[in-house]
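*Asks:* Mind looking at a prediction? Sequence and model below.
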Amino acid sequence: MIKYYLVSLVALLLSVSSSSAQNFKGQLLDPSDKPLAGATVYIKEAKQGVVSDADGQFQTILDGGVYTVEYKHPEYKTIKKTISIDSSAVLTDTLILEKKTLFFDETEVKNDTIASHIIKSVMDKASFYMQIIPDYKAASYIKGDMKISEVSSITDLATYKVEKVHLSKYKDKPFYQEIYNKIDYFRPDKYKLTIRGYSGNIPDDFNFKGIINSLGGNIYSHRFNGFISPVNPDGFSYYRYKYEGFYIEHEKILHKIKVESKVKDPELLNGYLYIMDEGRYIVYSQLMSNTQGMMRSTLIAYGEMEPAVYLPLTYYTNIDFNLLGTRGDIAYYTSLKYKTISENKTSSNVSSIYKGNEQIATQVIVEPTAYRRDVAYWDRVRTNPLRLLTSEGDTISEPIRFEKKKYHPGNFWFGKIVLGGYIHGSDTSKWSLKYSGVKEVFKDYNYVDGFWIGEKFEIKSKLSGNRTLNITPHIYYVTARHRAIGWSDAVFNYAPDR
């Protein structure tokens, strides 16, 4: 009998906890009452950012108390409010964000000069903003939505060989993903991402290349998520900067600068930086890449977690993909909450923090229980409602499920063939071999050579100290001349402390 009452009491407590789990939720709308996706709800005292989804909706759990909340978006006026949370009640907030006024000087020469001056000052401060970031622990919730609009016959055949299911069966049907991560940052240049929850049916290669690997990047480093950062010290060699104008908000000036790559290169980005005039730090970045059949646009909102420590609050990522004739789109909504931020002990040796052109090392670990999380777990961590809708707007009861208990060889190699990736090793390995994917298979065509068919590989070896050796062999067959062509680039990087 005692055991029965104990079980009943536990069940009652779990029920109460579940019913009050999401005690702060709402919806953000634009001036025409349409849902506003990608806006940030910044809860200052909780050190948390929550992103609005395609329906403009957000939700989270807060302890009882008073909080300062900012509703913000680069193109809309920020709304600041004070809210009071009662742990036994749910607070729902629906807000309309108004468009900002962009002020612009028509004098083109003057505006180009302003853009160069602002970007140069951010480049000069980049080492400081990298140096001042202390160790921290954070958590992120990612919601993904994917639709496939067209399926090619070759992809249809490949998915049948791998998963024993024709992908064409799921054309125009929704795929979804939920990922919950623990993030550990160790200064000066190491991220550890631990995946604690993983549920859904978007292919793993999209999830890792689309968003997970992006969480370990810093825009102030020389390379940002595998791309040359727009505020790289040599940025003027790679990019053009155009001044778009400025916003005035809460008596502060926010500059909008357009970033354009000088050449078409998969390692370069395009888009916009929103830079605060006072302090010259990045408030938002909205950058696009086009590589290996994936056109990706990511809006990142940054917040001041500690004095002069600006960290990402939310990510809003859109991907349009065209892989071997299979087309579709994915949207990822990522919200972050900072658990602990260590005492900042600024190093006097800036070069030990900010050196070389290396990508910041990111380690990704998947917990064995990540695939087995129950409904109650996701109810606690979810920051956007989960809706599974068909193209007609009807909720589907059973999502499409692929086998994801382990990375079996068929799934692994199909992803590598299509998207490219590491055949051996990783970013953090002593040596690695990387394949470039289908993008490099058909490199060129001209009347003399005909089609160039082949591939580019990248061999990277980390030597002692800060030295690395990169060898990039290119191997192609030209159809008109019926001969093989090959060459190789070799780069030795040596970045001593200065």
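*Replies:* Thanks, I have the structure now.
*Asks:* Tell me if Ser127 really is in a helix.
*Replies:* Yes. Checked against DSSP: H, G, I helix; E, B strand; the rest coil, Ser127 lies within a helix.
*Asks:* give me the number of residues near it?
*Replies:* Counted with other C-beta atoms under 10 Å, the neighbours of Ser127 add up to 17. From N, CA and C alone the C-beta is placed, and that goes for glycine too.
*Asks:* Per-residue pLDDT of it, please?
*Replies:* In this model, Ser127 is scored at 89, pLDDT.
*Asks:* what does Asp234 give?
*Replies:* Per-residue pLDDT puts Asp234 at 93.
*Asks:* Tell me how many other residues crowd it.
*Replies:* The number of residues packed around Asp234, counting by other C-beta under 10 Å, is 12.
*Asks:* Distance check, it against Asp205.
*Replies:* Look at Asp234 and Asp205: by C-beta to C-beta, to the nearest Å, they are 31 Å apart.
*Asks:* same thing with Leu386?
*Replies:* Distance, Leu386 to Asp205, by C-beta to C-beta: 22 Å.
*Asks:* More neighbours: these two, which one.
*Replies:* Here Leu386 and Asp205 are set side by side on neighbour count (other C-beta under 10 Å), and the busier one is Asp205, at 18 against 15.
*Asks:* how about Glu278, what does it touch?
*Replies:* Contact criterion C-beta atoms under 8 Å, 6 or more residues apart in numbering gives Lys252, Ile253 as the residues in contact with Glu278.
*Asks:* does it count as helix, strand or coil?
*Replies:* Put simply, Glu278 is coil when judged by three-state DSSP.
*Asks:* what bits of the stretch 151-300 of the chain have low per-residue confidence?
*Replies:* Low-confidence segments of the stretch 151-300 of the chain, defined by pLDDT under 70, span residues 162-163, 188-189.
*Asks:* All the strands of it, in order from the start?
*Replies:* 174-186, 190-200, 223-224, 227-228, 239-249, 252-261, 270-276, 282-291, 294-306 (DSSP state E, counting those that start in this stretch).
*Asks:* got CSV for those strands, with distance to Thr468 too?
*Replies:* Putting the strands of the stretch 151-300 of the chain into CSV (distance: least, C-beta to C-beta, whole Å) gives the following:
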stretch, distance to Thr468
strand 174-186, 20
strand 190-200, 16
strand 223-224, 12
strand 227-228, 16
strand 239-249, 24
strand 252-261, 24
strand 270-276, 27
strand 282-291, 22
strand 294-306, 26
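*Asks:* quick one, which of these is nearest to Gly56?
*Replies:* strand 294-306 (14.7 Å; C-beta to C-beta).
*Asks:* I'd like to know which elements that closest one is packed against.
*Replies:* Contact partners of strand 294-306 among helices and strands, from 3 or more C-beta pairs under 8 Å, 6 or more residues apart in numbering; DSSP states H and E: strand 40-43, strand 48-51, helix 204-210, strand 282-291, strand 309-323, strand 326-341.
*Asks:* helices or strands next to the last one in the packing?
*Replies:* Just to be clear, that refers to strand 326-341. strand 48-51, strand 136-150, helix 204-210, strand 294-306, strand 309-323.
*Asks:* Walk me through which strands that strand pairs with, and which way each runs.
*Replies:* Paired strands of strand 326-341, with direction, are strand 48-51 (antiparallel), strand 136-150 (antiparallel), strand 309-323 (antiparallel) (DSSP bridges).
*Asks:* Please identify which of the helices and strands packed on strand 294-306 is closest to Asp145.
*Replies:* Using C-beta to C-beta and comparing these, the one that lies nearest Asp145 is strand 326-341, at 5.0 Å.
*Asks:* Give me the contact list for the helix or strand hosting Thr78.
*Replies:* Thr78 belongs to strand 76-85 when assigned by DSSP states H and E. Strand 76-85 is touched from outside by 23-24, 30, 36, 39, 62-72, 91, 93, 95, 97-100, 249-250, with contacts defined as C-beta under 8 Å, 6+ apart.
*Asks:* ok, then the element right after it?
*Replies:* Of the helices and strands lying after strand 76-85 in sequence (DSSP H and E), the nearest is strand 91-96.
*Asks:* Out of the strands paired with strand 326-341, which is the most enclosed?
*Replies:* Ranked by average neighbour count under the criterion mean count of other C-beta atoms under 10 Å, the strands paired with strand 326-341 are headed by strand 48-51 at a mean of 27.
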